[in-house]
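Trainee: structure for this input, please:
(one chain, ligands or ions: 1)
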Amino acid sequence: MPTSEMPTFETLLLETENGICTLTINRPDKLNALNQKVLSELEEAFVWIQKAEDVRAVIVTGSGEKAFVAGADIKELSGLDAITGRDLAINGQRIFSGIENCTKPVIALVNGYALGGGSELALACHVRIATENVVFGLPEVSLGLIPGYGGTQRLTRVVGKGKAMELVLTGRMIKSDEALGLGLANSVAGSKGEAMAQAVEMLSKMMKNGPVALAKAIEAINASENGKDAGYQSEADLFGSLCATEDFKEGTSAFLEKRKPSFSGK
Ligand code: DAK
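Mentor: Below you'll find the model as predicted:
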């Protein structure tokens, strides 16, 4: 599906250049809070991204300088009951897992507030590049809730159990230096423009490699979370399947012939 058929959305802006699709959550008057519309459009956008041949990598960000995403939309949350709350969590988890399992590299450019669902969205992306004014936090307990879009699981994997306990149970906000130290941010940039340049540079390096290998590497790393044995098993299975690709033959031949590889994605 060529990029020219890029869909348009009410709450998202999509722009593709040189194989990189920049997806901007665009509710600046509500600090890009995640309401149902944003969630359903995110799902639709990633279904399109997955299929779009011209898109090889993704940057997810929030409009403006102040916020990546200031959380789930509290107005919508306030009306939930036990049934609708569970349904919302299942729906959100599926959408965020769709992002985590995207076979193309996804970088979150975390510009400013990334609270609650905003931190959860950033955690669902493969890499996080933050701006200096970033504020990560999972303050759900202050609203009488817990993170509902996979945050308890993904934060624990990224920062470890003890730190995840501390951050979720206190709801404490953390700034760029601490986020970097915890590995919550892969890097920190002085401005949104600088963060964008870092993201494009990192993705350009990734895109020099074969798309099938990138897809399988993402799958294998994600499989590490299925438990130790299942992770190793998946790694072996995926490694084996890569050995049968044209990209593998091209990559190894190019090295041996001392030339740059030309990957076909097959
Ligand atoms: N939801 C809705 N509107 C929000 C919002 C949010 N999370 N965050 C900000 N806004 C709106 C404000 O209401 C305001 O709208 P107007 O009054 O102008 O109409 C506008 O954005 C600008 O915000 P402020 O005027 O408050 O801006 P400030 O610079 O003064 O403050 C702030 C910025 C980020 C410190 C503040 O806006 C703030 O504290 N926002 C709320 C942060 C927060 O607590 N976020 C929610 C985290 S909890 C679950 C699934 C998911 C979740 C839980 C359960 N289940 C399935 C069960 C996730 C929960 C969360 O995300």
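
Trainee: tell me which stretches of the stretch 101-250 of the chain form strands.
Mentor: 106-110, 113-115, 127-131, 135-137, 187-189 (DSSP state E, counting those that start in this stretch).

Trainee: the helix or strand hosting L39 vs the ligand: in contact?
Mentor: Using DSSP states H and E, L39 sits within helix 36-51. No - using Cβ under 6 Å from any ligand atom, helix 36-51 stays clear of the ligand, with a minimum separation of 9.7 Å. For glycine as for every other residue, the C-beta is placed from the backbone atoms N, C-alpha and C.

Trainee: thought T131 was touching Y113?
Mentor: No - T131 is not in contact with Y113 according to Cβ atoms under 8 Å; the separation is 10.7 Å.

Trainee: now do the same contact list for M202.
Mentor: Going by Cβ atoms under 8 Å, 6 or more residues apart in numbering, M202 touches 107, 127, 129.

Trainee: poorly predicted segments of the stretch 151-266 of the chain, please.
Mentor: 228 (pLDDT under 70).

Trainee: residues near the residue in it that the ligand sits nearest to, how many?
Mentor: Here the stretch 151-266 of the chain gets closest to the ligand at one residue, G151, 7.7 Å apart by Cβ to the nearest ligand atom. Residues lying near G151 (other Cβ atoms under 10 Å) number 27.

Trainee: ok, it to G171 distance?
Mentor: 12 Å (Cβ to Cβ, to the nearest Å).

Trainee: mutual contacts of the two, please.
Mentor: With Cβ under 8 Å, 6+ apart, G151 and G171 have common neighbours 138, 140.

Trainee: closest to the ligand out of the contacts of M202?
Mentor: Of all the contacts of M202, the one with the least separation from the ligand (Cβ to the nearest ligand atom) is I129, at 20.2 Å.

Trainee: quick one: contacts for the spatially most central residue of the chain?
Mentor: Centre of the chain computed as the mean C-alpha position; nearest residue by Cα atoms, centre = their mean is C125, 1.3 Å away. Shown in contact with C125 (Cβ under 8 Å, 6+ apart): 60, 99-100, 106-108.

Trainee: cutoff 6 Å now
Mentor: The contact partners of C125, by Cβ atoms under 6 Å, 6 or more residues apart in numbering, come to 60, 106, 108.
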